[in-house]
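Peer 1: quick one, what's the 3D model for this:
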Amino acid sequence: MHVLPQIIFTWRVVKNPMTTPLSLVSLTLIEVADPSINLYSSISGLLSILASDLSRARKVYEIENIRNQVVNGTEPFPENQQSLANGISVEFKNVSFQYPGRDRCALRNVSFKIEAGQLCVVVGVNGSGKSTILNLISRIYDPTVGTILIDGRDIKTLKLADLRAAMSILFQDYSQFPLSVRENIGLGNPALAHEDDKVREAARLGGAEDFIDELPNGFDTYLDRLVDDYYGDLPEGTTTLFGHPVESSPRNTVDGVHITGSPDLQISWGQVQRLAISRTMMRSLISETEYFAGMLLFDEPSASLDPTAEHDLFERLRKLRGNKTMIFSTHRFGNLTQYADLILYIDETVQEEGTHDELMKKGGEYARIWNLQAKPFNGQIPRP
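Peer 2: The predicted structure is shown next:
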């Protein structure tokens with residue numbers, strides 16, 4: 001208890017220094033209490049950080065406790081895993097959908113059928129409902145009205161885990177994780193993430209292999225490391241730890257503690273998208289214990305790619321497809337549409353459907369937009 005006055009004085013100095021009387025006694029007390037003041041300030045700062053972190057953690061639990069509106073089905077899918085090799089059929093029957101909190105429908109009375117193994121391209125302007133179709137196929141949401149059939153079975157009756165395991169999806173809001181390039185790609189199929197040849201093959205299919213090989217540590221290069229790793233008492237001569245390089249130079253050592261990790265590596269959005277595509281491609285690879293996905297979904301896969309990279313990507317995907325069902329959403333009418341088995345022109349509902357040649361002969365909205373996008377390449381726009 002003999003230190004209680006000093007504790008109270010320290011608290012007053014930190015909280016309201018202007019009220020501390022200036023005298024020889026107070027100066028002496030401040031000098032004596034200096035370590036306590038510094039300790040109090042440090043603890044106060046740590047408690048503030050802890051409170052902020054706990055608040056963020058609370059939000060995570062709140063999100064986790066939100067009731068899932070998508071009810072899990074009970075039927076396994078597919079009945080025969082070998083059938084995935086021949087693709088998956090999808091049929092929409094009078095489907096309408098309205099996002100929660102929105103005043104208007106994103107889709108209205110949509111009906112179409114994509115046969116197993118077909119290449120389907122969903123085109124339309126921004127906000128027309130292209131991405132919504134992919135969200136419904138993957139059961140991120142359920143239709144407000146109507147029915148979706150997967151291989152002739154009501155999608156709501158299928159087990160969610162089975163359904164999503166049978167497809168690979170690249171959404172527009174893809175992520176870049178603060179991990180190595182290898183781990184970023186391997187997350188697409190953790191069962192194969194330890195196989196270097198599979199990760200490299202996925203990178204090749206996603207168009208990322210060349211730029212990865214030019215990175216400082218290739219596939220082991222870290223992206224956007226949020227923290228450094230701190231290790232003490234490392235044996236002299238240690239060069240790697242948990243598979244990552246450790247530098248023992250003075251600039252990487254503070255008070256005998258080694259700091260590992262390289263500075264953040266900034267890559268372009270086009271390269272980030274290639275990594276995301278490569279991650280999606282991991283689900284298309286075959287292993288001895290796992291069948292590949294029977295359906296690949298791509299939401300604006302070339303939005304951040306230059307024309308050459310876009311052309312190369314689509315060429316690789318067409319060759320990779322085999323008998324898989326592939327569905328793309330895009331607002332670009334160039335590369336893929338000419339090879340599609342089915343094109344759906346969407347604007348809340350299916351305005352037009354058919355092959356590229358059929359829709360061009362029809363001379364509707366699809367043909368108008370395709371010709372509009374093709375004009376600069378046909379020399380029909382005069383130079384200023």
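Peer 1: which of the residues in the helix or strand hosting residue 314 are classified as buried?
Peer 2: In this assignment (DSSP states H and E), residue 314 forms part of helix 307-321. Judged by neighbour count (16 or more other CB atoms under 10 Å), helix 307-321 contains these buried residues: 309-310, 313-314, 316-317, 321. Every residue, glycine included, has its C-beta placed from N, CA and C.
Peer 1: please state the offset of that helix from the chain centre?
Peer 2: Relative to its parent chain, helix 307-321 has a centroid offset of 20 Å by CA atoms, centre = their mean, to the nearest Å.
Peer 1: stretch 307-326 too?
Peer 2: Centroid separation between stretch 307-326 and its chain, computed with CA atoms, centre = their mean, is 20 Å.
Peer 1: quick revisit: and the helix holding residue 314, what other elements does it pack with?
Peer 2: The contact analysis (3 or more CB pairs under 8 Å, 6 or more residues apart in numbering; DSSP states H and E) places helix 307-321 against helix 196-205, helix 269-281, strand 295-299.
Peer 1: need the residues that contact the shortest one.
Peer 2: With contact meaning CB atoms under 8 Å, 6 or more residues apart in numbering, strand 295-299 is reached by 87-88, 90, 130-131, 134, 137-138, 166-172, 277, 280, 283-284, 317, 321, 324-329.
Peer 1: redo that, cut-off 6 Å
Peer 2: Residues outside strand 295-299 that contact it (CB atoms under 6 Å, 6 or more residues apart in numbering) are 88, 131, 134, 167-172, 324-329.
Peer 1: next one: the longest one
Peer 2: In this structure, residues lying in contact with helix 269-281 by CB under 6 Å, 6+ apart are 168, 170, 174, 176, 184-185, 188, 202-203, 205-208, 211, 304-305.
Peer 1: contact partners for residue 97?
Peer 2: Contacts for residue 97 were tallied using CB under 6 Å, 6+ apart; they are 106-107, 132, 143-144.
Peer 1: per-residue pLDDT, it?
Peer 2: Looking at residue 97, its pLDDT is 96.
Peer 1: which one is it nearest to, not counting chain neighbours?
Peer 2: Excluding its sequence neighbours, the residue lying closest to residue 97 (CB to CB, 6 or more residues apart in numbering) is residue 107, at 4.6 Å.
Peer 1: check residue 300 too.
Peer 2: residue 172 (5.2 Å).
Peer 1: any weak-confidence spans in the stretch 201-350 of the chain?
Peer 2: Applying pLDDT under 70 to the stretch 201-350 of the chain picks out residues 224-265, 286-292, 304, 335.
Peer 1: strands along that one, start to end?
Peer 2: According to DSSP state E, counting those that start in this stretch, the stretch 201-350 of the chain carries its strands in the segments 229-232, 240-241, 244-245, 253-254, 257-260, 295-299, 325-330, 342-347, 349-354.
Peer 1: which helix or strand lies directly C-terminal to the last one?
Peer 2: Once the chain leaves strand 349-354, the next helix or strand it forms, by DSSP H and E, is helix 356-362.
Peer 1: now do the very next helix or strand once past that following helix against strand 342-347, angle only.
Peer 2: Later in the chain than helix 356-362, the nearest helix or strand by DSSP H and E is helix 365-378. Interaxial angle of helix 365-378 relative to strand 342-347 (axes from the mean of the first three to the mean of the last three CA atoms, to 10 degrees): 100 degrees.
Peer 1: show me which residues of helix 365-378 are buried.
Peer 2: 365-367, 369-370.
Peer 1: put the alpha carbons of that helix into CSV.
Peer 2: Extracted as CSV, the C-alpha positions of helix 365-378 are listed here (Å, rounded to 0.1, in the frame of the first residue of the first chain):
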residue,chain,number,x,y,z
GLU,A,365,-29.5,-6.3,-79.6
TYR,A,366,-26.6,-8.8,-79.5
ALA,A,367,-25.7,-8.1,-83.1
ARG,A,368,-25.9,-4.4,-82.5
ILE,A,369,-23.5,-4.4,-79.5
TRP,A,370,-21.1,-6.9,-81.2
ASN,A,371,-20.8,-4.7,-84.2
LEU,A,372,-20.4,-1.6,-82.0
GLN,A,373,-17.5,-3.3,-80.1
ALA,A,374,-16.0,-4.5,-83.4
LYS,A,375,-16.0,-1.1,-85.1
PRO,A,376,-12.6,0.2,-83.8
PHE,A,377,-11.0,-3.0,-85.1
ASN,A,378,-12.6,-2.8,-88.5
